[in-house]
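**Q** what follows is a predicted structure for the sequence shown.
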Amino acid sequence: MATRWYIPPIDLDLPDPPDGMDEMEVVGGSDGFREDRKGQSLLSKTKRLDESGEGDGESDSSRRARNDMTDRIWLGDVYDEFYEEGFLREADAPARLSDVYGLLGRGDTTYFDEPLSEVEFQRFVGPVAGRMLTTQRNGTNVDRAFEKGDYFHVTNVRYRAKDTHNIARRLVVNVATQEAGLRVAEGLQTMFGDPGVRDHFMKFKVYLRGTLNVTQGLAREKDGVKHDKLVVYYNLDTSSDGADTVGDALVSNIRDSIRSGEARNTFAPFYSQVAPGVAWSEEPKMFVPTLEGSFTQTRAGMIDDVMEDFKQRGVSVDKPTFIDAVYARLVSRGVQPGRSHRHVPAFVLP
């Protein structure tokens with residue numbers, strides 16, 4: 001159906017859809033998660049969020065305003081970290097991009113305060129139908145990965161490769177403990193067999209570390225531990241006319257796994273939070289071919305580009321100007337203004 005591929009002009013205010021198309025069918029108008037006719041999110045009782053995860057329902061427009069406020073605070077912190085009297089601190093220059101990435105993606109955490117036991121870990125890595133288990137830095141050596149600390153990649157073997165240009169998305173999950181992270185992971189595994197999800201849910205990864213070398217491992221983590229304890233990779237079901245039914249189901253499953261007080265609502269900037277401990281974005285390179293790398297890597301790179309531009313020009317820059325310049329760079333590279341978790345698709349689909 002052609003209506004699935006309508007992308008509205010990138011504007012802070014939603015445009016009227018073409019004649020004959022209902023607002024619920026506009027891909028890119030809302031975030032694609034279910035809404036009622038007043039714009040109220042139906043995404044598994046999405047909350048206006050504080051650290052406890054309590055609050056009233058939140059509309060897309062309210063969520064975008066909150067995202068923008070949070071992102072501007074983040075960018076202000078970046079400015080304070082790297083600038084002095086309007087100029088870059090030269091000592092930061094050699095490793096600046098890595099430092100920007102670390103500042104955006106990492107933070108203090110209680111995640112390793114109570115390491116998983118060997119019994120809990122072996123339950124997780126034991127045989128499970130419908131999945132393939134590998135690690136990010138240690139291949140299939142799960143015991144070594146557990147000792148050192150690593151992302152465990154859990155792949156849905158029922159998923160069939162497809163063209164996911166303009167429809168690839170991710171969820172990121174931040175929780176307080178490894179016990180909570182493991183519980184979320186075990187819940188997500190059950191979705192590999194869900195008839196409405198399995199064809200669109202490629203994989204997820206969860207960061208786990210065992211009881212050995214915990215202190216040593218924390219010392220290796222530069223500037224803290226990554227906010228995204230789990231990352232969930234999926235694509236829109238294009239038969240749903242723009243509603244993200246797959247994302248709805250996955251977020252609902254995650255929320256069911258997170259107990260009171262376990263959600264942490266700190267994420268790398270430019271994600272959009274949709275539930276306690278859960279945020280989402282589009283996969284950059286599947287929308288804009290020049291945006292290589294992970295979501296946060298692409299954003300860190302654009303921030304670093306802005307820093308280098310001002311440095312080469314030799315001009316002093318204040319905080320508001322720096323923040324505005326970062327947003328301008330995002331838009332120039334294919335990020336939607338006002339929706340920094342989304343992109344202007346560069347791929348023409350049939």
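**A** Cool, got the structure.

**Q** now do the helices in the chain.
**A** Assigned by DSSP state H, the helices in the chain fall at 60-82, 96-105, 118-125, 142-148, 178-189, 214-220, 245-257, 295-313, 319-332.

**Q** so what secondary structure elements neighbour the second one?
**A** Spelled out, that is helix 96-105. Packing partners of helix 96-105 (3 or more Cβ pairs under 8 Å, 6 or more residues apart in numbering; DSSP states H and E): helix 60-82, helix 295-313. Just so you know, the C-beta spots here come from the backbone N, C-alpha and C atoms, and that holds for glycine as well.

**Q** picking up where we left off before, any chance of the helices of the chain in a markdown table, plus mean pLDDT, mean neighbour count and distance to Tyr233?
**A** Below are those laid out as a markdown table (pLDDT from 0 to 100; neighbours: other Cβ atoms under 10 Å; distance: least, Cβ to Cβ, whole Å):
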| stretch | mean pLDDT | mean neighbour count | distance to Tyr233 |
| --- | --- | --- | --- |
| helix 60-82 | 92 | 17 | 21 |
| helix 96-105 | 91 | 20 | 17 |
| helix 118-125 | 91 | 15 | 19 |
| helix 142-148 | 91 | 18 | 19 |
| helix 178-189 | 96 | 21 | 11 |
| helix 214-220 | 47 | 12 | 25 |
| helix 245-257 | 97 | 21 | 10 |
| helix 295-313 | 95 | 19 | 11 |
| helix 319-332 | 97 | 17 | 22 |
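
**Q** buried sites along stretch 187-205?
**A** 187-189, 191-192, 194, 197-205 (16 or more other Cβ atoms under 10 Å).

**Q** ok, and what's touching that stretch?
**A** Contacts to stretch 187-205, defined as Cβ atoms under 8 Å, 6 or more residues apart in numbering, come from residues 128, 130-131, 136, 151-160, 185, 230-237, 245-246, 249-250, 253-254, 256-257.

**Q** quick revisit: could you dump the helices and strands packed on helix 96-105 to TSV with distance to Pro276?
**A** Converted to TSV, the helices and strands packed on helix 96-105 look like this (distance: least, Cβ to Cβ, whole Å):
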stretch	distance to Pro276
helix 60-82	13
helix 295-313	20
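
**Q** and the gap between Val184 and Asp199?
**A** Using Cβ to Cβ, to the nearest Å, Val184 is found at 22 Å from Asp199.

**Q** swap in Phe270?
**A** Counting by Cβ to Cβ, the gap from Phe270 to Asp199 is 28 Å.

**Q** same question for Asp241.
**A** From Asp241 to Asp199 the distance is 17 Å (Cβ to Cβ).

**Q** ditto for Arg66
**A** 33 Å.

**Q** try Ser281
**A** Ser281 is 21 Å from Asp199, by Cβ to Cβ.

**Q** what of Gln189?
**A** 16 Å.

**Q** once you drop chain neighbours, what's closest to Gly210?
**A** Phe146 (4.4 Å; Cβ to Cβ, 6 or more residues apart in numbering).

**Q** who does the residue nearest to Arg131 when sequence neighbours are not counted bridge with?
**A** Spatial nearest neighbour of Arg131, chain neighbours left out: Val154 (5.4 Å); criterion: Cβ to Cβ, 6+ apart. Note on Val154: beta-bridge partners by DSSP bridges are Leu133, Phe204.

**Q** let me know the pLDDT of Val154.
**A** At Val154, the predicted lDDT confidence score is 97.

**Q** do the same with the one 4 residues further on
**A** In the predicted model, Arg158 carries a pLDDT score of 91.

**Q** then Pro289?
**A** Value for Pro289, per-residue pLDDT: 91.

**Q** and it, how many neighbours?
**A** 12 (other Cβ atoms under 10 Å).

**Q** isn't it up against Ala346?
**A** Yes - between Pro289 and Ala346 there is a contact under Cβ atoms under 8 Å: 6.1 Å.

**Q** of the helices of the chain, which is nearest Val172?
**A** Closest to Val172 of the helices of the chain is helix 295-313 (Cβ to Cβ; 8.4 Å).

**Q** dump the C-alpha coordinates for the closest one into PDB.
**A** Written as PDB, here are the backbone C-alpha positions of helix 295-313 (Å, rounded to 0.1, in the frame of the first residue of the first chain):
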ATOM      1  CA  PHE A 295      23.300   5.700  16.900                       C
ATOM      2  CA  THR A 296      25.500   7.400  19.600                       C
ATOM      3  CA  GLN A 297      28.600   7.100  17.400                       C
ATOM      4  CA  THR A 298      27.000   9.100  14.600                       C
ATOM      5  CA  ARG A 299      25.800  11.800  17.100                       C
ATOM      6  CA  ALA A 300      29.200  12.000  18.800                       C
ATOM      7  CA  GLY A 301      30.800  12.400  15.400                       C
ATOM      8  CA  MET A 302      28.600  15.300  14.500                       C
ATOM      9  CA  ILE A 303      29.300  17.000  17.800                       C
ATOM     10  CA  ASP A 304      33.000  16.600  17.200                       C
ATOM     11  CA  ASP A 305      32.600  18.000  13.700                       C
ATOM     12  CA  VAL A 306      31.100  21.200  15.200                       C
ATOM     13  CA  MET A 307      34.000  21.500  17.600                       C
ATOM     14  CA  GLU A 308      36.500  21.100  14.800                       C
ATOM     15  CA  ASP A 309      34.700  23.700  12.700                       C
ATOM     16  CA  PHE A 310      34.800  26.300  15.500                       C
ATOM     17  CA  LYS A 311      38.500  25.400  16.200                       C
ATOM     18  CA  GLN A 312      39.500  25.900  12.500                       C
ATOM     19  CA  ARG A 313      37.700  29.200  12.400                       C
END
